[in-house]
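Asker: Sequence plus the predicted model coming up.
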Amino acid sequence: MSQSPLTDLDSLKQEALEALAAAATPAALEQARTTFLGVHGRFTALLKALGTLPQEERPAAGRVLNTVKAELEAALAARREALALEAARPKHPTDFSLPGRRRYLGHLHPLTQVTEDIVRSFRKLGFAVADGPEVEDEYHCFDALNTPADHPARDTQDTFYLDTPARLLLRTHTSSVQIRVMRAQPPPVRIIVPGRVYRRDNADATHNPTFHQVEGLYVDRGVTVGDLKGTVEFVFKELMGPETKIRFRPHYFSYTEPSFEIDFGSPLTRKMGREWLEIAGCGMVHPQVFENVGYDPEVWTGWAFGFGIERIAMIRYGIPDIRLFYQNDVRFLRQF
Ligand code: DAH
C-alpha cells in the first residue's frame, strides 16, 4: 500500500514556495518550476499518486492538491512579474541634471524664437507667464475691458463670432487674459501673456486672420507711467539692440487712461527708411477695469501693454510678408 500523497504536502509546498521566491533570474525560476510543477516534478508526482488512493478518498485529496497547485502557480506568476519589472528598471538612477540630447534635426520656428526671447527678457524683471482661452466670451474680451457694446472692434466684420447661443468669439487680443488673471488672484500682479489672437482681416503682406500678441500687466501700489516706460525700453533694447529708442504718443484704449502708442526707432527701422515705427499700445489700467475685477482703484494702480509678435519678428529679421510665417516653406524657415 503506497503512502497518501497528502502526507508530505505541507513541507513540499513550503519548499516549493521558498524555491520560487528565491529564484533570482528567469532561468532559476524556470528551474524551480520544473523541479516542482514540471511533467516529472515533485508536486506533479503527488497529483499522479492520487490514482493510487482508495476511490472514496480521492475527491477530498484532489481538492486539497488543486488548492495548493493554484497557490504555487500564483507564486510562480508573481515572481515572474517581479523579475520582469526588475529587468526593465534602469541600471543606474536617472540624473535629471544632465543636459538633454541635442536635437539633431530642425529648429524652432522664428516666431517661437522671438516669443522665447520676449519671455526671457520679462522674466529678468520678475514677470510670470499666464495664459487664457482662445475661444472667449464678450465679457472677458470686451465688456470687462470697458469696451462699449457699439465699439467698432466688436463688429462682426472685425471679430469672428461662433455660432453658439452664448455668443462666443475668437479673442481679438490677449487683453482678455488681464481680466481672467485679475479675477483669479488678488494684487499685486506681474504677468505677460503670449498667445494667438484672431481678426477678420483679409490676408495681405502685413495682415493675417490670426497672429500672435504679448500682453503685459503690472498691478501694485504706486505704479507709474515711468515704470511702464522703463520696462518697455529695457525689453525693446534687449530684443532689437542697444541703440533702440522708444517714444510714447497719446492714444485711446477703453481699458487704459491715459493711453499711449509706443513707437520705436533703431538701425533696423532706419534700414526700412523709417525713423520711428509704431509697435505697441499701452497705458495705465482704467479705474473702471479695476472695479470690474474687484480691485480697489483707490489702493491699486497698474499699467498694461500689448504688441504683435509677428511685427517684432518681421522688423528684426527684415521679413516683408507676414504670410511667410505660416506657409512652412523650409527654404524660408531654414534661415533662422
Ligand atoms: N489690445 C490692444 C490691441 O490689440 C493692445 C493693447 C493696448 C493692450 C493697450 C493693452 C493696452 O494692454 O493697455 O491692439
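Answerer: Received it, and whenever you're ready, just let me know what you need. Numbers count the residues shown, from 1 in each chain.

Asker: Just confirm residue 257 contacts residue 282, I think it does.
Answerer: No. Contact criterion Cβ atoms under 8 Å: residue 257 and residue 282 do not qualify, at 11.7 Å. Bear in mind the C-beta positions are built from the backbone N, C-alpha and C, glycine included.

Asker: Give me the nearest residue to the residue in the stretch 101-250 of the chain that the ligand sits nearest to, chain neighbours excluded.
Answerer: Here the stretch 101-250 of the chain gets closest to the ligand at one residue, residue 173, 3.4 Å apart by Cβ to the nearest ligand atom. Of all residues not flanking residue 173 in the chain, residue 197 sits nearest, at 5.4 Å (Cβ to Cβ, 6 or more residues apart in numbering).

Asker: cool, and residue 17?
Answerer: That would be residue 75: by Cβ to Cβ, 6+ apart, it lies 5.6 Å from residue 17.

Asker: go on, residue 71?
Answerer: Residue 71 sits nearest to residue 13 (Cβ to Cβ, 6+ apart), 7.2 Å away.

Asker: Next: residue 210.
Answerer: That would be residue 198: by Cβ to Cβ, 6+ apart, it lies 5.0 Å from residue 210.

Asker: and the stretch 101-250 of the chain, which of its residues are near the ligand?
Answerer: 173, 175, 215 (Cβ under 6 Å from any ligand atom).

Asker: tell me the SS of the closest residue to residue 324 other than its chain neighbours?
Answerer: Nearest residue to residue 324, sequence neighbours excluded (Cβ to Cβ, 6+ apart): residue 332, at 5.2 Å. For residue 332, the secondary structure call by DSSP: H, G, I helix; E, B strand; the rest coil comes out as helix.

Asker: Tally up the residues packed near residue 332, please.
Answerer: Other residues near residue 332 come to 14 when the count uses other Cβ atoms under 10 Å.

Asker: how far does the lengthiest helix in the chain sit from the chain's center?
Answerer: The longest helix of the chain (DSSP state H) is helix 58-88. The chain centre lies 45 Å from the centre of helix 58-88; the measure is Cα atoms, centre = their mean, to the nearest Å.

Asker: element containing residue 282?
Answerer: strand 277-285 (DSSP states H and E).

Asker: Packing partners of that strand?
Answerer: strand 210-220, helix 225-240, strand 245-253, strand 256-265, strand 301-308, helix 309-317 (3 or more Cβ pairs under 8 Å, 6 or more residues apart in numbering; DSSP states H and E).
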